[in-house]
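Undergrad: Fold the following and give me the result.
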Amino acid sequence: MFPIDIRPERLTEEMLDYSRKLGQGMENLLNAEAIDTGVSPREAVYREDKLVLYRYQAPEGVERNPVPLLVVYALVNRPYMTDLQEDRSTIKGLLASGQDVYLIDWGYPDQADRALRLDDYINGYLDRCVAHICEAHGLDAINLLGICQGGAFSLCYSALHPERVRNLVTMVTPVDFKTPDNLLSAWVQHMDVDLVVDTMGNIPGELLNWTFLSLKPFSLTGQKYVNMVDLLDDPEKIKNFLRMEKWIFDSPDQAGETFRQFIKDFYQRNGLIEGGIRIGGREVRLKDIRCPVLNIYALQDHLVPPDASRALKGRTGSPDYTELAFPGGHIGIYVSGKAQKEVTPAIGRWLNER
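TA: Predicted coordinates for the structure are as follows:
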């Protein structure tokens, strides 16, 4: 073990260097331009209430898969995480692999949306987006890519509307909501969700955001800002850091009735595993999913532990089931350099083969 160098001249040198970085960093922060959200060209092709359905522009010289791919993101964060910047974009990687990519932006619910239920999101908004894409392409079914909570929505949709889904990809998607290592689940098991929703109406996005950050308080609320000092003298790195910070704190409120149902049926009752989830009067049964399934999970995921995702194996009615393990975390699976080289090309190959 090497001794710590605490000579006065060494400490003075480090303090001077730290002060220099802070001084330069303040100048870079003040000169930073507005942070953009999403980098790939796209067009709004359908709107309903707060929802916008986007279609992304295909790169030149890339032939599109004849079956379009709809990306279904979670309600609790903004979907531009999938298209964060030029060199860290799941969307860009999917486009490069030949996918004709659509994405749902759920928007920002307000008190007018308090009564929206899972039926409204899954059998309503999501189904009408799928219908729009099918009509535009003259198809009966499309491909789905569900991410995190959006993956749970996609599982429900594929079970309730199997004729509409050609292939299903789930990414960092919880299936078993009661694995022993799921800290978030442990926190909400005894929450009086009725009291919370009846009192607050919609659930503030800021409240949920700080809940997620509290799962790893040292690294997510303290250490990263200490480490930020080492980036302050590089304007481009500062912009990348601020872009991620913007996404982290850009958390929409949650429609109260949807939040109530999701916490009760998925977390507290573990309904995808145990059964009993009813949406629009019909029970969600994973065995009703008959299309090919690609299930991707992150080995260091603190929000959706690997076992929570791996629980999907053997529970669908599909004979074509594939798993892909990514050596990273819940966010790294979208934005890390390794993910750009491994995850999105793998999705593209899997879809193109089918």
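
Undergrad: now the strands for this structure?
TA: 42-48, 51-56, 69-72, 83-85, 88-89, 101-105, 142-147, 165-171, 278-279, 282-283, 293-298, 321-326 (DSSP state E).

Undergrad: Any figure for the gap between the residue nearest to D127 when sequence neighbours are not counted and I122?
TA: Spatial nearest neighbour of D127, excluding adjacent residues (Cβ to Cβ, 6 or more residues apart in numbering): H161 at 6.5 Å. For glycine as for every other residue, the C-beta is placed from the backbone atoms N, C-alpha and C. Using Cβ to Cβ, to the nearest Å, H161 is found at 9 Å from I122.

Undergrad: ok so, going back, since we're on the residue nearest to D127, how many residues are nearby?
TA: Close neighbours of H161, defined as other Cβ atoms under 10 Å, add up to 17.

Undergrad: Now that it has come up, it's in contact with R128, right?
TA: No: between H161 and R128 there is no contact under Cβ atoms under 8 Å: 11.6 Å.

Undergrad: Y73 - how many residues pack around it?
TA: Y73: 24 neighbours (other Cβ under 10 Å).

Undergrad: pLDDT score for it?
TA: pLDDT, Y73: 95.

Undergrad: which ones are touching the closest residue to it other than its chain neighbours?
TA: The shortest distance from Y73 to any non-neighbouring residue, by Cβ to Cβ, 6+ apart, is to P79 (3.7 Å). Applying Cβ atoms under 8 Å, 6 or more residues apart in numbering to P79 gives the contacts 71, 73, 103-106.

Undergrad: in the stretch 151-300 of the chain, which ranges drop under the pLDDT threshold?
TA: By pLDDT under 70, the low-scoring segments of the stretch 151-300 of the chain are 210, 212-235.

Undergrad: Of the strands of the chain, which is nearest M244?
TA: Taking Cβ to Cβ, strand 83-85 is the member of these nearest to M244, at 7.3 Å.

Undergrad: Residues touching that closest one, excluding its own?
TA: Contacts of strand 83-85 (Cβ under 8 Å, 6+ apart): 38-40, 89-92, 240, 243-244, 247, 334-335.

Undergrad: again, only this time at 6 Å
TA: Residues from elsewhere that reach strand 83-85 (Cβ atoms under 6 Å, 6 or more residues apart in numbering): 38-40, 89, 91, 335.

Undergrad: any idea how far S336 is from L242?
TA: Distance, L242 to S336, by Cβ to Cβ: 18 Å.

Undergrad: And V101, by the same measure?
TA: Applying Cβ to Cβ, the value for V101 to S336 is 20 Å.

Undergrad: higher neighbour count, the two?
TA: Set V101 next to S336 and count neighbours by other Cβ under 10 Å: V101 wins out with 29 against 18.

Undergrad: Can you give me the end-to-end span of stretch 309-320?
TA: Distance between the two ends of stretch 309-320: 17 Å, counting by Cα to Cα, to the nearest Å.

Undergrad: any idea of the mean pLDDT in it?
TA: Per-residue scores along stretch 309-320 average to 96.

Undergrad: What of stretch 134-150?
TA: Mean predicted confidence for stretch 134-150 is 97.

Undergrad: circling back to that earlier point, where's the residue nearest to Y73 relative to W247, distance?
TA: 10 Å.

Undergrad: same thing with T179?
TA: Distance from T179 to W247, by Cβ to Cβ: 26 Å.

Undergrad: Next: R285.
TA: In terms of Cβ to Cβ, R285 sits 35 Å off from W247.

Undergrad: what's the answer for T37, then?
TA: The gap separating T37 from W247 is 8 Å, by Cβ to Cβ.

Undergrad: Which one's more surrounded, those two?
TA: Using other Cβ under 10 Å as the criterion, T37 and W247 rank with W247 on top: 19 against 15.

Undergrad: What's the separation between that one and F153?
TA: W247 is 20 Å from F153, by Cβ to Cβ.

Undergrad: Equivalent analysis for A136, please.
TA: 21 Å.

Undergrad: do P252 as well
TA: 15 Å.

Undergrad: okay, now Y46: neighbour count?
TA: The burial count for Y46: 18, using other Cβ under 10 Å.

Undergrad: Name the nearest residue to it, ignoring sequence neighbours.
TA: Once flanking residues are discounted, Y46 sits nearest to L53: 3.9 Å by Cβ to Cβ, 6+ apart.

Undergrad: Kindly tell me how buried the closest residue to D253 other than its chain neighbours is, as a neighbour count.
TA: Setting aside the residues directly before and after it, D253 is nearest to N202 in space (Cβ to Cβ, 6+ apart), at 4.4 Å. Residues near N202, counting by other Cβ under 10 Å, number 21.

Undergrad: N202 against P252, yeah?
TA: No: using Cβ atoms under 6 Å, N202 makes no contact with P252, being 9.3 Å away.

Undergrad: Quick check: D288 touching A159?
TA: Yes: assessed by Cβ under 6 Å, D288 is found in contact with A159 at 4.3 Å.

Undergrad: Tell me which of these two has more neighbours.
TA: A159 (25 against 15).

Undergrad: Tell me how far the more buried one lies from A131.
TA: 18 Å.

Undergrad: How about V193?
TA: 32 Å.

Undergrad: okay, those two: which has more neighbours?
TA: Neighbour count, other Cβ under 10 Å: between V193 and A131, V193 has more, with 18 against 14.

Undergrad: can you list the residues that contact stretch 259-275?
TA: 118, 175-178, 185, 188, 193, 197, 203, 277.

Undergrad: Return the closest of those residues with respect to L144.
TA: V175 (15.3 Å).
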